[in-house]
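Q: Build the 3D model from these lines:
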Amino acid sequence: MINILLIILGLGLIIIIHELGHFIVARRNGVRAEAFSVGFGPIIWKKQVGETEYRLSLIPLGGYVKLAGEISTAESIPEPYMLSAKSKWVKLKIFSAGAIMNLILAIPLSCMSFLAGRNVQDATITEPSFFEASAGIKPGDIITKVGNSPVRHANEYVMLMLAHEKGKEIPVTVKRNGSDLTFKVENHWDRIKGFKASNEIFEVMPNSIGEKLGLKHGDVIANINSIRVFTTTQISKILDQNIGKEVEITVQRENKTLTNKFIVPGKSTYIVKPDYHIVQPAIGFVLPNGASNGKLTASDVITEIDGKPVTCFFDMKEALKNKGGTTIDVKVKREDKTEKVTISTSMTEDGHGLLDIQTKSTPYIAHIEEDSVLKNLKCIDHENCSGVQNGDKVTQFDKYVDEVPTLNIAGIFQDNSPKRLQIIRSGTIHTFLLAPQQTDVVNYEEIGFIENPNVAIYLNSRLLKYSLIESTLMSFKEPVDMFIFTLVSFKKLISAEVGKEQLSGPLGIISIIHKSAESGIGNYLFVLVLITINLGILNLLPVPVLDGGHILFLVIEAIRGKPLKEKTVYALLYAGLILLLALVVMATYNDITRFFGT
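A: The predicted structure follows:
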């Protein structure tokens, strides 16, 4: 009940502040406000005060201020108290005031959030990324500084790395066994994945298997089917192999050891699995101080390992099986020459060999197996042509275009509708349709206490409160960072760099507020900061019916020297309304899909 009230209060505050922006600026500039409504649709309460009717409407997902003469057309005759009678500058101030108020609201909300305390994640490395590992950082290290800036939690580490130039080496200080050590980490910010989920349970979802087993926050998963586990990567491998089967789980709680059993739930999804046979064994990066350092170089192509021919990435992995900690001969193609080097391999946990390199996925098909799905595809634009062949250059797969790395011919999709696969062969374009296959995967939502390891998550959470001075200073910086991040997100959405399935609608927003309210007032206020900034930017988009649409009409009027005709204005308003409703329907569909599945 309290969470429901917090949802209403949070959304109500953001809506009221937005509409107050329009209302106050309009009144100060002599524009009559005929109505001030919190909510849309049927009016459930109203009261006339002076010139304005104050309303509470049924649908609490927005609001409006009805201004006299709000829509300016070539046919309208304005009165002095009407908006249409005012200068373009006054109109611009009124139309933009709501969004500006939303952005200003983010500052006190952010300050109160820091004062109340945020759930943050410890900066303890459980599984270092490629770049951290190459610098010398190990599991168990606690990050304490980036440059001269202190790090108190994982998000601070990520944000500090983001603030530095990509590709530069950044000094990162860690605490290891009581000693401070500093390493230079290459700042490849879109690859930071140093804090992977540990085996500690952070949250147990209501009505989940975890709740039925009596598991709690802070429990540590020690074993599954008598196999010792330390990270969710290890846990997921075991669960993947036991979908629909019963597994035994052992957890440690303080000084107790508890054992339970449950059947691993599955759910159907549609997948194009990566095919490592089609990936060329080309080298993109050699780990400094690794096994191949000084022996192999970026752009080398491996052709042979210990006498075994290597034509693809899969061959390379097979040739390195059980070769951990041994000396091997490797042949590579380097420019126009063939070079042979001897390498002492590193070792995986399973005893397999590692060259300490990162492969470079090119757009060229390395090798097609006889039973490959790609071999039997039918070409849709040429007769007497079937199947992808060795050496083909990939130029499109689904949303990926131009030179598409072969590793990108993979993905998880919401349905089995065929995806467009285009290649160039001997200068001719060939187009195929590749349908995702229905596959059962682990239903982590139903399990409710193990996070999906494919998602960037940080466990080991704790409450961190900030001082008044810290909170004040950070409350000005955080909204600016969020504002920039939101603009970039909108750009990626419009340019289709991210899919429309990323949109969240009213149900998603309510769910996010509800979950944040459960995790503490600081996190709840932080989510309100996110929502108010998003609302401010959204309202400034140049879509008729939004504030940005009215500003667009002003620009058009300034260029033409006169307002648009009434018929044109209303046509554009209806078009904008239809577009907005379509987006709401799409976003709501996404919400329903997330909550209840496809």
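Q: Average pLDDT for the helix or strand encompassing residue 528, rounded please.
A: Under the criterion of DSSP states H and E, residue 528 resides in helix 521-539. Per-residue pLDDT values over helix 521-539 give a mean of 88.
Q: Give the other helices and strands that that helix contacts.
A: With contacts defined as 3 or more C-beta pairs under 8 Å, 6 or more residues apart in numbering; DSSP states H and E, the secondary structure elements packing on helix 521-539 are helix 2-28, helix 88-116, strand 118-121, helix 468-494, helix 506-518. Yep, even glycine has a C-beta here, placed from its N, CA and C like the rest.
Q: So what's the gap between it and the chain middle?
A: Between the centre of helix 521-539 and the centre of its host chain there is 17 Å, according to C-alpha atoms, centre = their mean, to the nearest Å.
Q: quick one: it to helix 2-28, angle?
A: Using axes from the mean of the first three to the mean of the last three C-alpha atoms, to 10 degrees, the direction of helix 521-539 lies 40 degrees away from that of helix 2-28.
Q: now the helix or strand that comes right after helix 521-539 against helix 2-28, angle please.
A: Helices and strands here follow DSSP H and E; after helix 521-539, the next one along the chain is helix 547-560. Relative orientation of helix 547-560 and helix 2-28, computed by the same axes, to 10 degrees: 20 degrees.
Q: Start the count at 35 instead of 1 going forward.
A: Sure, I'll start counting at 35 from here, so that last one is helix 581-594.
Q: Low-confidence ranges, the stretch 35-184 of the chain, go.
A: 35-37, 105-111, 153-156, 160-165, 173-174 (pLDDT under 70).
Q: try 80
A: Counting by pLDDT under 80, the stretch 35-184 of the chain has low-confidence residues at 35-38, 94-95, 104-112, 118, 152-169, 172-175.
Q: next one: the stretch 335-484 of the chain
A: Short version for the stretch 335-484 of the chain, where the test is pLDDT under 80: 380-385, 390, 392-395, 418, 420, 433-437, 441-442, 445-448, 483-484.
Q: just the strands in it please.
A: Secondary structure of the stretch 335-484 of the chain by DSSP state E, counting those that start in this stretch: the strands cover 335-339, 342-343, 361-368, 371-378, 380-381, 387-388, 391-393, 427-431, 434-435, 445-447, 453-459, 462-468, 471-476.
Q: CSV for those, including distance to residue 189?
A: As requested, the strands of the stretch 335-484 of the chain are arranged in CSV below (distance: least, C-beta to C-beta, whole Å):
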stretch, distance to residue 189
strand 335-339, 39
strand 342-343, 45
strand 361-368, 41
strand 371-378, 39
strand 380-381, 31
strand 387-388, 31
strand 391-393, 26
strand 427-431, 33
strand 434-435, 30
strand 445-447, 26
strand 453-459, 35
strand 462-468, 38
strand 471-476, 27
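Q: Would you convert those strands into JSON lines that also reports mean neighbour count and distance to residue 101?
A: What follows is the strands of the stretch 335-484 of the chain, written out as JSON lines (neighbours: other C-beta atoms under 10 Å; distance: least, C-beta to C-beta, whole Å):
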{"stretch": "strand 335-339", "mean neighbour count": "20", "distance to residue 101": "67"}
{"stretch": "strand 342-343", "mean neighbour count": "11", "distance to residue 101": "76"}
{"stretch": "strand 361-368", "mean neighbour count": "17", "distance to residue 101": "71"}
{"stretch": "strand 371-378", "mean neighbour count": "13", "distance to residue 101": "74"}
{"stretch": "strand 380-381", "mean neighbour count": "15", "distance to residue 101": "70"}
{"stretch": "strand 387-388", "mean neighbour count": "20", "distance to residue 101": "68"}
{"stretch": "strand 391-393", "mean neighbour count": "20", "distance to residue 101": "59"}
{"stretch": "strand 427-431", "mean neighbour count": "19", "distance to residue 101": "49"}
{"stretch": "strand 434-435", "mean neighbour count": "14", "distance to residue 101": "46"}
{"stretch": "strand 445-447", "mean neighbour count": "15", "distance to residue 101": "46"}
{"stretch": "strand 453-459", "mean neighbour count": "19", "distance to residue 101": "48"}
{"stretch": "strand 462-468", "mean neighbour count": "16", "distance to residue 101": "53"}
{"stretch": "strand 471-476", "mean neighbour count": "15", "distance to residue 101": "53"}
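Q: Out of those, the one nearest residue 528 is which?
A: Proximity to residue 528 (C-beta to C-beta) singles out strand 434-435 among the strands of the stretch 335-484 of the chain, at 16.5 Å.
Q: ok, and what's touching the closest one?
A: 429, 442 (C-beta atoms under 8 Å, 6 or more residues apart in numbering).
Q: Spell out which strands sit alongside that strand in the sheet and which way each one runs.
A: Applying DSSP bridges to the sheet, strand 434-435 is found paired with strand 427-431 (antiparallel).
Q: how many neighbours does the nearest residue in space to residue 516 that is not next to it in sequence have?
A: When the adjacent residues along the chain are set aside, residue 516 lies closest to residue 567, with 5.0 Å between them (C-beta to C-beta, 6 or more residues apart in numbering). Applying other C-beta atoms under 10 Å, we find 27 residues neighbouring residue 567.
Q: how about residue 597, secondary structure?
A: Secondary structure, DSSP: H, G, I helix; E, B strand; the rest coil: residue 597 is coil.
Q: List the buried residues for stretch 592-612?
A: Within stretch 592-612, the residues that qualify as buried by neighbour count (16 or more other C-beta atoms under 10 Å) are 597-598, 603, 606-607, 610.
Q: quick one: the helices in the stretch 85-234 of the chain?
A: 122-150, 164-169, 188-196 (DSSP state H, counting those that start in this stretch).
Q: Buried deepest among the helices and strands packed on helix 555-573, which one?
A: Mean neighbour count (mean count of other C-beta atoms under 10 Å) peaks for helix 122-150 among the helices and strands packed on helix 555-573, with a mean of 20.
Q: So, low pLDDT: which residues of the stretch 485-632 of the chain?
A: Under the criterion pLDDT under 80, the flagged ranges of the stretch 485-632 of the chain are 485-499, 515, 519-520, 522-542, 545-546, 548-554, 597-598, 600, 621, 623-632.
Q: and the residue nearest to residue 516, how far is that from residue 94?
A: According to C-beta to C-beta, to the nearest Å, residue 567 and residue 94 sit 20 Å apart.
Q: wouldn't residue 610 be in contact with residue 584 here?
A: No - using C-beta atoms under 8 Å as the test, residue 610 is too far from residue 584 to be in contact (10.3 Å).
Q: which one of the strands of the stretch 335-484 of the chain lies closest to residue 539?
A: Proximity to residue 539 (C-beta to C-beta) singles out strand 445-447 among the strands of the stretch 335-484 of the chain, at 20.6 Å.
Q: Check which helices and strands that closest one is in contact with.
A: Judged by 3+ C-beta pairs under 8 Å, 6+ apart, strand 445-447 is in contact with strand 300-306.
Q: Can you name the next helix or strand after the strand it packs on?
A: Tracing the chain C-terminally past strand 300-306 and defining elements by DSSP H and E, one meets strand 317-320 next.
Q: Can you give the contact residues for that next one?
A: Under C-beta under 8 Å, 6+ apart, the answer for strand 317-320 is 164, 326-327, 330-336, 366, 390-395.
Q: Now with 6 Å, please.
A: 326-327, 330, 332, 334, 391-394 (C-beta atoms under 6 Å, 6 or more residues apart in numbering).
Q: Residue 284: which of these is nearest?
A: Distance ranking of these against residue 284, using C-beta to C-beta, places residue 392 first at 35.8 Å.
Q: show me what contacts that closest one?
A: Contact criterion C-beta under 6 Å, 6+ apart gives 318-319 as the residues in contact with residue 392.
Q: Please look at residue 55 and residue 129 and confirm they touch.
A: No - the pair residue 55 and residue 129 fails to qualify as a contact (C-beta atoms under 6 Å) at a distance of 9.9 Å.
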